[in-house]
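Undergrad: Sequence and predicted model, in that order:
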Amino acid sequence: LSSNAHLNLPSTWLVGAVGALPLIALGRAVETSDAPGAADINSATNRLVLNMLGARPQPLFALAVALALGALVGTVEETLFRGQVLPTLVASAQAKGWEHGDALVHAVAASGLLFGAAHLNVFAGPKALVTAETAATLGLQSASGLWFGILACVGSGSLGAPIVAHGLYDAYTIYSTHVSLTNQVRQAGQRALHFLSEPAAMKWERLRGADWVRSGALLFHLLDVNGDGEIDEAELRVGGPTHGLPDEAMEALRAALRPGNEAWAGEPAPGSKWRGLCARFSTPCADSGKKEAGGGEQAMPSTLGRCKAGARAAAVPGLDPLPGPGPRGRATLAIEEFLDVLAHARVFRQANVAAWRARRSTKRVRRHHE
């Protein structure tokens, strides 16, 4: 490393810094993509950064951690893949009679694929390897590995350029994710505070309690990344796992977001996870929204407007219809519809809502509301 990095040369840092820009652009494209694989990568990155740095803004500490991890990971991985694997593949190809140029090209490509494969979670089982997230991770990391190999070749075999590019890219990803998440938490707290002063929130407080409404409002606004007052499938896919939404709640919200809401309207397929949920709606509609409170029962407000009656859906008199496709052809949920889905799925009583980072990091919402 000391003989091949050439970190004492300004040109090494220049090539590495310029080389990091395409990777940062690629990362930004992934962050803004609605593709399922990209959404899963974004969610995994969010969880990693939240676990490391928390949800409270701490820019100086986050910058120090990002730079330290970037330097460590960039040095270790580039020393292994571009310092050991790449030259070994070139030497092996040349020993078989390949020209140096051909051997180098194929070795760069092969080391890039190995770099991508090394970032897969092979311990999660065979099923986990056949997912959109796995395919997206393999593609993204292989492209990054290929680019690091090219930088090593541009730098006349120096490890310095790929180390600098790799470290800067990782540091940028960690720090920018921390800034984005903490801003999102702060804005979610402000929007939730505004909702708690509305009559709709007061109605839910009487029926479900103040803690339930606070948790639901905070969670909704954490999922509503673009702040348009609605959540869609893409926002749910990223934000749900990021902020600890239980699997049963994810199932219920995904069904409510489907155009036509087929999962709520008919008999689920045998063995479907939805059979257990739909069974809860098979009681008479007048009873499906009741909750025990203070020894009695109160009817909950509902915007779902449908429940399963036998094998077909029936409209509930006096209730609004299910939310349909949004203006972009995708179904969306407003905050009252969101709360209603969670209330019907009865997931808040199963989830440890006090453990949600939203609750811990936005305590000021409770103080202001009280």
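TA: Received the coordinates, thanks.

Undergrad: secondary structure class for Gly97?
TA: With DSSP: H, G, I helix; E, B strand; the rest coil as the basis, Gly97 sits in coil.

Undergrad: Could you report the pLDDT at it?
TA: Gly97 is assigned 88 on the pLDDT scale.

Undergrad: hey, where'd the strands end up in this structure?
TA: 290-293, 296-299, 306-309, 312-315 (DSSP state E).

Undergrad: Quick check: which ranges of the stretch 151-300 of the chain have low pLDDT?
TA: Scanning the stretch 151-300 of the chain for pLDDT under 70 picks out 155-157, 258-300.

Undergrad: Go ahead and flag the most central residue of the protein.
TA: Nearest to the mean C-alpha position of the chain, counting by Cα atoms, centre = their mean, stands Ser43 at 1.7 Å.

Undergrad: now Leu140, nearest residue through space, not along the chain?
TA: Val30 (6.5 Å; Cβ to Cβ, 6 or more residues apart in numbering). Heads up, the C-betas are built off the backbone N, CA and C, glycines and all.

Undergrad: Could you pull up the residues touching the one you found?
TA: Contacts for Val30 were tallied using Cβ atoms under 8 Å, 6 or more residues apart in numbering; they are 38, 41-42, 136, 140.

Undergrad: what about the longest helix in this structure?
TA: helix 160-196 (DSSP state H).

Undergrad: roughly how far is that helix from the heart of the chain?
TA: How far helix 160-196 lies from its chain's middle: 12 Å, per Cα atoms, centre = their mean, to the nearest Å.

Undergrad: What helices and strands are in contact with it?
TA: With contacts defined as 3 or more Cβ pairs under 8 Å, 6 or more residues apart in numbering; DSSP states H and E, the packing partners of helix 160-196 are helix 10-31, helix 36-53, helix 59-80, helix 132-154, helix 210-223, helix 357-361, helix 363-369.

Undergrad: how about stretch 16-28: buried residues?
TA: 16, 19-20, 23, 27 (16 or more other Cβ atoms under 10 Å).

Undergrad: can you redo these as a markdown table with pLDDT and distance to Leu86?
TA: A markdown table is the format used below for these (pLDDT from 0 to 100; distance: Cβ to Cβ, whole Å):
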| residue | pLDDT | distance to Leu86 |
| --- | --- | --- |
| Gly16 | 92 | 17 |
| Gly19 | 93 | 16 |
| Ala20 | 95 | 19 |
| Leu23 | 95 | 18 |
| Gly27 | 92 | 23 |
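
Undergrad: Which of those residues sits closest to Asn226?
TA: Closest to Asn226 out of those is Gly27 (19.1 Å), distances taken as Cβ to Cβ.
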